[in-house]
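In: give the three-dimensional model of this entry:
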Amino acid sequence: MQNRSILWIGCMIILLAFGKKVMAQDHLIGPTLSYQFQKGSIIKTGAYFAVPFLGDNILRADATANFTWTQKKFAVIPEGAITYYPQTYVLTPFLRTEITPYTFTPKLGVSLATLLDIDFGYGFSIKDKKDYRPMKGFAVSLRFSIPLNYRLNM
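Out: Predicted coordinates:
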C-alpha cells in the first residue's frame, strides 16, 4: 500500500511540474482505461499527461492502478509509464516502458491519434509479489485515452 501511494504521488508531482511550464493547448491530460493480458487479465485505470517533444513528437507520462484477479486472489498494483510517439500522424508507432514494484515492461505499439493504443512487450520480473507466482512474460494491451482539454484549431 505504501509503495503504491509513493509511486502515485511521485507521478502526480512530475505531471504537475510539467503542467506549470506549458499552456493549456500545449499538452493533453485525461483519464485512461486499459486491458492487458500478462500471466492473467489486468484492468488498468489512471491518468496521463502528454506534451510535445522535439517538434512533432509526443512524450507522455501515465500513472495507473492495475486491478487483477489471478490465482483466485485480487490485487491492486500501482504502475508508472512513459510513452514516446515519434510522430503525430493519425496512425503512429510508439515505444512505451511500464514499471510496477514487481515488473519492468518495455513495449512497442501502434496508436490511432493517441486515443486508442495497442501494444506488445515482455515483462521482466523485478521482484516477486508475496503469495503470487512471478509476474513476467509476454504482455499485450489495448488502451483508451480521453483527452479532457483537446481543442480543434480551425
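
In: how near is M135 to A75?
Out: Distance of M135 to A75, given as C-beta to C-beta, to the nearest Å: 9 Å. Quick note: C-beta positions are derived from backbone N, CA and C, even for glycine.

In: show me which of these two is the more surrounded one.
Out: M135 (27 against 17; other C-beta atoms under 10 Å).

In: I'd assumed F104 was in contact with that one.
Out: No - with contacts counted by C-beta atoms under 8 Å, M135 stays clear of F104, the gap being 10.6 Å.

In: what's the overlap in contacts for the two?
Out: G123 (C-beta atoms under 8 Å, 6 or more residues apart in numbering).

In: what's the pLDDT at I82?
Out: Listed pLDDT for I82 reads 96.

In: nearest spatial neighbour of it, skipping sequence neighbours?
Out: T97 (5.4 Å; C-beta to C-beta, 6 or more residues apart in numbering).

In: does the one you found sit in a helix or strand, and which one?
Out: Taking DSSP states H and E as the definition, T97 sits inside strand 91-99.

In: contacting residues around L148?
Out: Contacts for L148 were tallied using C-beta under 8 Å, 6+ apart; they are I29, G30, P31.

In: hmm, try it at 7 Å
Out: I29, G30 (C-beta atoms under 7 Å, 6 or more residues apart in numbering).

In: against T92, how distant is it?
Out: L148 is 20 Å from T92, by C-beta to C-beta.

In: ok, now K39?
Out: Using C-beta to C-beta, K39 is found at 28 Å from T92.

In: could you do T83 as well?
Out: On the measure of C-beta to C-beta, T83 and T92 end up 11 Å apart.

In: the more surrounded of the two?
Out: Using other C-beta under 10 Å as the criterion, T83 and T92 rank with T83 on top: 24 against 19.

In: that one: which element?
Out: strand 73-85.

In: just how off-centre is that strand within its chain?
Out: Its chain's C-alpha centre and that of strand 73-85 lie 6 Å apart, by C-alpha atoms, centre = their mean, to the nearest Å.

In: same question for stretch 72-85.
Out: Counting by C-alpha atoms, centre = their mean, stretch 72-85 comes out at 7 Å from the chain centroid.

In: ditto for stretch 95-103
Out: 8 Å.

In: for it, list every residue counted as buried.
Out: R96, E98, I99, T100, Y102, T103 (16 or more other C-beta atoms under 10 Å).
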